[in-house]
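> Turn this into a model:
(2 chains)
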Amino acid sequence: RKEVEQDPGPFNVPEGATVAFNCTYSNSASQSFFWYRQDCRKEPKLLMSVYSSGNEDGRFTAQLNRASQYISLLIRDSKLSDSATYLCVVTLNTGGFKTIFGAGTRLFVKA
Amino acid sequence: EAQVTQNPRYLITVTGKKLTVTCSQNMNHEYMSWYRQDPGLGLRQIYYSMNVEVTDKGDVPEGYKVSRKEKRNFPLILESPSPNQTSLYFCASSLTGTGWTEAFFGQGTRLTVV
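Down below sits the predicted model:
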């Protein structure tokens, strides 16, 4: 079983739609959680951190459920520019600090 | 400008010919790491470094070496590249490896081993 699992998609949605991505992680020692965005052939960039209390940044809302080992990302009012791959990321304290990426969920927003 | 710089961006090499991919950051970050990205597998961590002279294996370290002699530089060395190391490689740095610190990535190095 992969340490961080995501639905690979692709998700094809019209502009203005609300779309939700889910991610599960297997290691209960996971310490911190993030969503990164990656455009085609480009480097990943931080979208937002994911806190236990949940957090919101404009149209984006992230939630963490430590008991279920589950992370979510909600995008409201999708824009064409939201088309990208969304990566779920977890850090583990294993003596050192490893970073584990999910394989990503591809999103296409269409006019 | 704060950045992570990788070189080269593209490289085609032959099996067995040693190569080094350089990575440099100008943000005085303690934590640096290398990843490879393959279709369907996402980014997988090769090696990471918590600070100067401190390196540790990630999930896929076989066939790679790293060193961290200076805080800003973290080169990735392939002593004897093989075709299964053909991939897109990213270097990243963050202020620390602990907690909620943002990772900044280089632009990537696309390596082909023939």
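> drop to CA atoms for contacts and neighbour counts, all remaining ones
Noted.
> Report the central residue of chain B.
By CA atoms, centre = their mean, chain B has its centre lying nearest to residue B:34, at 2.8 Å.
> how near is it to residue A:109?
To residue A:109, residue B:34 is 31 Å away according to CA to CA, to the nearest Å.
> what do you get for residue B:105?
Distance from residue B:105 to residue A:109, by CA to CA: 25 Å.
> So which of those two has more stuff around it?
In this view residue B:105 and residue A:109 are compared by other CA atoms under 10 Å in any protein chain shown, and residue B:105 has more residues nearby, 26 against 19.
> quick one on the thing from earlier: what residues does the residue nearest to the centre of chain B make contact with?
By CA atoms under 8 Å, 6 or more residues apart in numbering or on different chains, residue B:34 lies in contact with B:45, B:46, B:47, B:48, B:76, B:89, B:90, B:91, B:92.
> just the strands in chain A please.
Per DSSP state E, chain A carries strands over the ranges A:4-6, A:11-14, A:19-25, A:30-38, A:45-49, A:55-57, A:60-65, A:70-75, A:84-93, A:97-101, A:105-110.
> hey, least reliable of those by pLDDT?
Least confident of the strands of chain A, judged by mean pLDDT, is strand A:97-101 with a mean of 88.
> so, in contact with chain B or not, that one?
Yes - against chain B, strand A:97-101 shows contacts by CA under 8 Å from any CA of the partner chain at A:97, A:98, A:99, A:100, A:101.
> Out of those, which is nearest to residue A:46?
Closest approach to residue A:46 among the residues of strand A:97-101 next to chain B (CA to CA): residue A:101, at 12.4 Å.
> The closest one: neighbour count?
A count of neighbours around residue A:101, defined by other CA under 10 Å, yields 25.
> Mind listing the residues bridging to it?
Counting by DSSP bridges, residue A:101 forms beta bridges with residue A:89.
> thinking it is in contact with residue A:92, fair?
No - the pair residue A:101 / residue A:92 is not scored as a contact, 11.1 Å apart, by CA atoms under 8 Å.
> between the strands of chain A, which gets nearest to residue B:24?
Judging these by CA to CA, what sits closest to residue B:24 is strand A:45-49, at 17.5 Å.
> What residues does chain A have near chain B?
A:31-33, A:42-46, A:49, A:91, A:93, A:96-104.
> among those residues, which ones are buried?
Neighbour counting with 16 or more other CA atoms under 10 Å in any protein chain shown marks A:32-33, A:43-46, A:49, A:91, A:96-104 as buried within those.
> quick one: contacts for the residue in chain A positioned nearest to chain B?
For chain A and chain B, the shortest gap (CA to the nearest CA) falls at residue A:103, measuring 3.8 Å. With contacts defined as CA under 8 Å, 6+ apart, the neighbours of residue A:103 are A:4, A:5, A:6, A:8, A:87, A:88, B:40, B:41, B:42, B:43.
> For PyMOL, what selects the buried ones among those?
To isolate the buried subset of the contacts of residue A:103 in PyMOL, counting by 16+ other CA under 10 Å, use the following:
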select buried, (chain A and resi 4+5+6+8+87+88) or (chain B and resi 42+43)
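> ok, the contacts of residue A:103 vs residue A:71, which is closest?
residue A:88 (8.0 Å).
> Would you mind measuring the gap between the ends of stretch A:76-85?
16 Å.
> residues making contact with it?
Outside stretch A:76-85, the residues that touch it by CA under 8 Å, 6+ apart are A:14-19, A:37-40, A:59-60, A:104-111.
> Right, I'll call it a day here.
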